[in-house]
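Enquirer: predicted model follows, preceded by the sequence.
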2 protein chains.
Amino acid sequence: MKKEIVVIVGSGMMGSALAFPSRENGHTVRLVGTHLDKEIIDECRKTGKHPKFSTPFPSGVEYYQIEELDDALKNADMVIGGVSSFGVDWFADYVLPRIPKGVPVLTVTKGLIDLQDGSLISYPEYWEQKCKEKGIAVDLNAVGGPCTSYELVAHDQTVVSFCGRNIDTLKHLKEVMQTSYYHINITTDVIGIETAVALKNGYALAVALTIGVNQKEYGIDSELHYNSQAAVFGQATKEMTKLLSLRGADTIDNRAVGFGDLYVTVYGGRTRLVGILLGRGLDIDQAQKELSGVTLESLVVARRVARAIRIKAGKGELDLNDFPLLMHVDDILTKKVKVDIPWDEFTK
Amino acid sequence: MKKEIVVIVGSGMMGSALAFPSRENGHTVRLVGTHLDKEIIDECRKTGKHPKFSTPFPSGVEYYQIEELDDALKNADMVIGGVSSFGVDWFADYVLPRIPKGVPVLTVTKGLIDLQDGSLISYPEYWEQKCKEKGIAVDLNAVGGPCTSYELVAHDQTVVSFCGRNIDTLKHLKEVMQTSYYHINITTDVIGIETAVALKNGYALAVALTIGVNQKEYGIDSELHYNSQAAVFGQATKEMTKLLSLRGADTIDNRAVGFGDLYVTVYGGRTRLVGILLGRGLDIDQAQKELSGVTLESLVVARRVARAIRIKAGKGELDLNDFPLLMHVDDILTKKVKVDIPWDEFTK
């Protein structure tokens, strides 16, 4: 295929990891740090390696500071949005208006925003609204599915979903990015994919709680127990399915993306760590202090989804008894209740 | 509640593990070994401990050899069937006819039997047919859901489902068996629960393949990779859902039991081991040799389900392209093809 110019904005782990398949496919890859990433870009320029990865970038990746964004965007064929959920508004206000007309965007940012009426919308939907208000048109696409950045860098076999409104754009993005280890499903069900993969963060935290509870019971170095993890995992699939259903997006494919992503996220780092700390008995302030400096999207999404469904329950649109796990996680995060998984609620 | 007499037939790990909640609830518990369990029962009598468990039985559990089965069954209030899938016919022919009329049976045996027309039936259905032929009536119930025996013995929080035709029997069995750590859902959807928990064996093997593949790639002591496990897990949930649907049993609850059970089985011992060995490059004969002596129900169920759906596909009742993962597992087991996960099939 034709070699393209791929611009990645945000040099966090996931954005940076996508430099690997795209550069290995021979495209020009420009990795642009945000204003928070100055040191990362400095180090990449010096060493050719992202500070969080053990493998260097493929040779030829170009590095840009945020002040050089306009230069980086020159003649871009696609833009990858690699900001965390804490950079969503900055991405809308600073980056999206600068993207040349007609250049498709693929974002890795995961999350949901709750509206006052209890609705939940995904970031692509949120950005589309913002762009509409600004009078600009951007072809927004997103990537979801089970993929930890460091395993993508290690060329572990990975299957993800690209979603967007335009199937031809998606086919093109797939062609640019797919490799022998990065397998891409494409779908126009943006709401489904983005809801599934956002929800998994909150529920992965819930599964990880049981690991901490068992460490408290049997010792921090005790063997992992799986019965309790699996019981919470099963309950999580039920609640995620009901939440997908609320968005009209309960399909076999969306569920598979969400459950696969839940599976990997239980093992995937920060969310697992905070869940374990809470399970051991720390409250959320203590747990966050222990993990200072890491972004905890799981906390944000759990609180937002809980807030949304409480509003919907108040309006009689759903039954909170269908979500005992999420309600408990929310109570842990917002009311600092002690972890006490409501096992018997799962058997009703 | 009234103290009952609980008779467990089969002193394998899962049957024996159920002696813990029942005896801790104060019931009389009689553990009866099969003709294959003589040494286990001898050791239990000597030490009060099952050779595979690190924790002794609660005091007061009574041990019987198979020749003493009739004695053990005297005044029984319920019978737990703890045979493996290799003892299904023996259980039907030798045990079921001896069970006093009206005494409910709860079986732990997991599996599916494929019929010549491509139908799949669960063991409770198979036993019901056999009992009908013999002119005897047995109230057959079964337990499914994520529960490894050694974690149950360790009092890990566990959520399972009891299924059967009679909801009053199920309520009673739940009352006998439930404890502060053993939580029991009850349902009359026998087909759904038994199909879900049988299928998980074949698919857990599939997830484990990726662990072996990565060990071959990165070294046996390399860190676990999860992207590839999660991709197969997601695909497994799709294929399991379609197989449940074929049995008219695709419900949110059945899926949750199946997916929770899949989660625990990936980590649960024998199935994981054989999957890893196959992933490393051994063929099925070599893998079985390496694991001599262990029962591998995952192999049986994968082959049977594959055989059944090939027949149904031949009749135009389904599309084999919906089951690329199961087809590959079956090819590995029956045609000894090398492990080569069909990743791109998962994105179609």
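Expert: Yep, that arrived. What you see is a predicted model; the values in this text were computed from it and never measured.

Enquirer: around chain B, pick out the residues from the stretch 201-348 of chain A.
Expert: For the stretch 201-348 of chain A, the residues in contact with chain B (CB under 8 Å from any CB of the partner chain) are A:210, A:213-214, A:218, A:224-231, A:233-235, A:237-238, A:241-242, A:252-253, A:255-257, A:259-261, A:263-264, A:267-268, A:341, A:343-344, A:346-348. Glycine gets a C-beta too; all of them are placed from N, C-alpha and C.

Enquirer: so who does the residue of the stretch 1-150 of chain A found nearest chain B touch?
Expert: Residue nearest to chain B within the stretch 1-150 of chain A (CB to the nearest CB): A:Pro146, separated by 3.4 Å. Residues in contact with A:Pro146, defined by CB atoms under 8 Å, 6 or more residues apart in numbering or on different chains, are A:158-160, A:257, A:260-261, A:263-265, B:226-227, B:230-231, B:233-234.

Enquirer: what's the answer for A:Ile136, then?
Expert: Contacts of A:Ile136 by CB under 8 Å, 6+ apart are A:Leu96, A:Pro97.

Enquirer: before we move on, what about A:Met1?
Expert: Counted by CB under 8 Å, 6+ apart, A:Met1 has contacts A:Glu175, A:Val176.

Enquirer: sec struct for the residue nearest in space to the middle of chain A, please.
Expert: The central residue of chain A, meaning the one whose C-alpha is nearest the mean C-alpha position (CA atoms, centre = their mean), is A:Lys110 at 3.2 Å. Look at A:Lys110: counting by DSSP: H, G, I helix; E, B strand; the rest coil, its state is coil.

Enquirer: is it correct that it is in contact with A:Val83?
Expert: No: judged on CB atoms under 8 Å, A:Lys110 makes no contact with A:Val83 at a distance of 10.9 Å.

Enquirer: how about A:Ala231, nearest residue that isn't a chain neighbour?
Expert: If the residues on either side of it in the chain are set aside, A:Ala231 comes closest to B:Val159, at 3.8 Å by CB to CB, 6 or more residues apart in numbering or on different chains.

Enquirer: so A:Gln129 is in which element?
Expert: helix A:123-134 (DSSP states H and E).

Enquirer: correction: the previous question concerned A:Arg45.
Expert: Judged by DSSP H and E, A:Arg45 forms part of helix A:38-47.

Enquirer: got phi/psi on the residue nearest to the centre of chain A?
Expert: Phi and psi for A:Lys110, reported as degrees, to the nearest 10, are phi -110, psi 130.

Enquirer: that one: what's it in contact with?
Expert: A:Ser85, A:Tyr123, A:Gly144, A:Glu194, A:Val197, A:Ala198, A:Asn201, A:Glu297, A:Val301.

Enquirer: one more time with 7 Å
Expert: A:Ser85, A:Val197, A:Ala198, A:Asn201, A:Glu297 (CB atoms under 7 Å, 6 or more residues apart in numbering or on different chains).

Enquirer: mind checking the SS state of the residue of the stretch 101-250 of chain A found nearest chain B?
Expert: Of all residues in the stretch 101-250 of chain A, A:Gly234 sits closest to chain B, at 2.7 Å by CB to the nearest CB. At A:Gly234 the chain is in helix, as set by three-state DSSP.

Enquirer: then A:Ser228?
Expert: Going by three-state DSSP: A:Ser228 is helix.

Enquirer: so what's it scoring on pLDDT?
Expert: A:Ser228 is assigned a pLDDT of 97 by the prediction.

Enquirer: that one contacts A:Thr210, correct?
Expert: Yes: applying CB atoms under 7 Å as the test, A:Ser228 and A:Thr210 come out as touching, 4.0 Å apart.

Enquirer: shared neighbours, the two?
Expert: Going by CB under 7 Å, 6+ apart, residues that sit against A:Ser228 and also against A:Thr210 are B:Gln157.

Enquirer: in the stretch 201-348 of chain A, where is pLDDT below threshold?
Expert: A:293-295 (pLDDT under 70).

Enquirer: now with 90, please.
Expert: A:201, A:218, A:220-225, A:267-270, A:291-300, A:348 (pLDDT under 90).

Enquirer: which stretches of it form helices?
Expert: Here the stretch 201-348 of chain A has its helices, by DSSP state H, counting those that start in this stretch, at A:227-246, A:252-266, A:270-280, A:284-290, A:297-314, A:324-334.

Enquirer: report the angle between the first one and helix B:252-266.
Expert: I take that to be helix A:227-246. Angle, helix A:227-246 to helix B:252-266, by axes from the mean of the first three to the mean of the last three CA atoms, to 10 degrees: 140 degrees.

Enquirer: in helix A:227-246, what's buried?
Expert: The neighbour-count check on helix A:227-246 (16 or more other CB atoms under 10 Å in any protein chain shown) flags A:227-244, A:246 as buried.

Enquirer: ok, back up a step: thinking the residue of the stretch 101-250 of chain A closest to chain B is in contact with B:Phe259, fair?
Expert: Yes: contact criterion CB under 7 Å: A:Gly234 and B:Phe259 qualify, at 6.1 Å.

Enquirer: contact partners for the spatially most distant residue from the centre of chain A?
Expert: Computed with CA atoms, centre = their mean, the maximum C-alpha offset from the centroid of chain A is found at A:Tyr218, amounting to 32.2 Å. Neighbouring residues of A:Tyr218 by CB under 7 Å, 6+ apart: there are none.
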